[in-house]
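Participant: Predicted model, plus sequence, below.
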Amino acid sequence: MEAMTYVGLVAGILTTISFLPQAIQTWQTKSTKDISLAMFLSFCLGVILWIIYGFYTNNIPVLAANSATFLLAFSILVCKLKYG
């Protein structure tokens with residue numbers, strides 16, 4: 001694996017785990033009143049596009065990081081829609 005692939009993987013890991021505190025807090029408190037619905041909708045759409053890009057360019061770091069990020073961000077979005 002090339003050095004830049006490792007850079008991409010580390011960047012993906014860091015940006016993905018940045019969603020963990022918000023996801024955990026949202027799951028525990030079921031409070032989403034201070035979360036922007038528009039932001040999470042547009043973010044999830046952008047992440048889906050990154051996943052498509054990663055798939056078609058065979059870019060494993062982009063594909064892996066954005067797939068994991070989507071799971072976390074989408075779970076927050078679902079909570080936002082469910083709990084308001």
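Facilitator: Yep, it's here.
Participant: Any buried residues in stretch 5-24, and which?
Facilitator: Using 16 or more other C-beta atoms under 10 Å as the test for burial, stretch 5-24 gives G8, L9, G12, T16, F19, Q22, A23. Using the backbone N, CA and C atoms, a C-beta is placed for each residue, glycine as well.
Participant: Nearest the geometric middle of the chain, what residue?
Facilitator: T69 (2.3 Å; C-alpha atoms, centre = their mean).
Participant: Now do the contacts for that one.
Facilitator: G12, T15, T16, F19, V47 (C-beta atoms under 8 Å, 6 or more residues apart in numbering).
Participant: I'd say the third one and A68 touch.
Facilitator: I take that to be T16. Yes: counting by C-beta atoms under 8 Å, T16 does reach A68; the two are 4.6 Å apart.
Participant: Let's have the buried residues of stretch 5-24 in CSV, adding pLDDT.
Facilitator: Output for the buried residues of stretch 5-24, formatted as CSV (pLDDT from 0 to 100):
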residue, pLDDT
G8, 82
L9, 83
G12, 86
T16, 90
F19, 87
Q22, 90
A23, 89
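Participant: now, among these, which is nearest to I35?
Facilitator: Taking C-beta to C-beta as the measure, Q22 is the one of the buried residues of stretch 5-24 closest to I35, at 7.7 Å.
Participant: need the helices for this protein, in chain order.
Facilitator: 3-17, 20-29, 37-56, 60-83 (DSSP state H).
Participant: most tightly surrounded among those helices?
Facilitator: The highest mean neighbour count among those, using mean count of other C-beta atoms under 10 Å, belongs to helix 60-83: a mean of 18.
Participant: Next, the angle helix 3-17 makes with it.
Facilitator: Relative orientation of helix 60-83 versus helix 3-17 (axes from the mean of the first three to the mean of the last three C-alpha atoms, to 10 degrees): 10 degrees.
Participant: Kind regards, and thank you for your time.
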